[in-house]
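Chemist: Please work out how this folds:
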Amino acid sequence: MRRRPNLASSPLLDIRPVLVVGGGLALVALVLTGITLAEFIRARGKEKAAASALVGLQTRRAELATKVEATNRKLAGVSWKTLQVETTAMQDVVARRKLVWSQLLAELERVVPWDIRLVSIAPTIEKDVSVEINLLGVSVSREAWLKLVALLFVDSRFSNPLPKAEESPSATNGQGHRFSLAVRYWPEGRP
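Modeler: Numbers count the residues shown, from 1 in each chain. Model prediction:
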């Protein structure tokens, strides 16, 4: 006869809760391992992208360093004094181009009395936006050209008229009183 086990003599163990908790923990561990693996792959991709960007930046830096070195060699051969002279000359040309001759002539025509004839107008552009003008002219009398000096003193576009020379009528000068004066012209008005 076969023997049957006596279940009453040994305690009955229910291991189902242990299996359920163990299975749940194994499932959580599996999910966390998957998340960690995904994060690792993502971080590895970012690291590779950063490494390739770093290589690109290092290449760009090397190119720029080469260009800087070539530019420095070119600049070492530049004659700075000559460049300064050329720059100053260009600034003078630009300043002369800014001078509006029609405006200057209109202002002079407004100020110069009828009994004065201007023979020469020679402007020199100054750095303070003003123009130094040397005028040569002939007037019918000394009072006429002194009147011009007085008008230049009071006008808002002119300042500091300075007589340079005067020649009275003579046997060699039959045209009248010759005069020369310098005056500062302010295209936008005196400051």
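Chemist: strands paired with the host helix or strand of residue 132, and their directions?
Modeler: Secondary structure from DSSP states H and E places residue 132 in strand 131-139. Take DSSP bridges as the rule and strand 131-139 pairs in its sheet with strand 116-125 (antiparallel), strand 177-185 (antiparallel).
Chemist: would you turn these into CSV with distance to residue 69 and mean neighbour count?
Modeler: Any C-beta I mention is one placed from the backbone N, CA and C, and that applies to glycine too. Below are the strands paired with strand 131-139 laid out as CSV (distance: least, CB to CB, whole Å; neighbours: other CB atoms under 10 Å):
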stretch, distance to residue 69, mean neighbour count
strand 116-125, 40, 14
strand 177-185, 50, 20
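Chemist: Format the ones you listed as JSON lines; extra columns: mean pLDDT and distance to residue 21.
Modeler: Listed next are the strands paired with strand 131-139 as JSON lines, based on pLDDT from 0 to 100; distance: least, CB to CB, whole Å:
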{"stretch": "strand 116-125", "mean pLDDT": "88", "distance to residue 21": "96"}
{"stretch": "strand 177-185", "mean pLDDT": "90", "distance to residue 21": "101"}
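Chemist: Pull the residues that contact stretch 153-160.
Modeler: Identification of contacts with stretch 153-160 by CB atoms under 8 Å, 6 or more residues apart in numbering yields 107, 111, 152, 161, 182, 183, 184, 185, 186, 187, 189, 190.
Chemist: let's go with 6 Å and repeat that
Modeler: Contact with stretch 153-160 is made by 107, 111, 152, 183, 184, 185, 186, 189, 190, as judged by CB atoms under 6 Å, 6 or more residues apart in numbering.
Chemist: Between the two ends of stretch 89-105, how far is it?
Modeler: End-to-end distance for stretch 89-105: 25 Å, by CA to CA, to the nearest Å.
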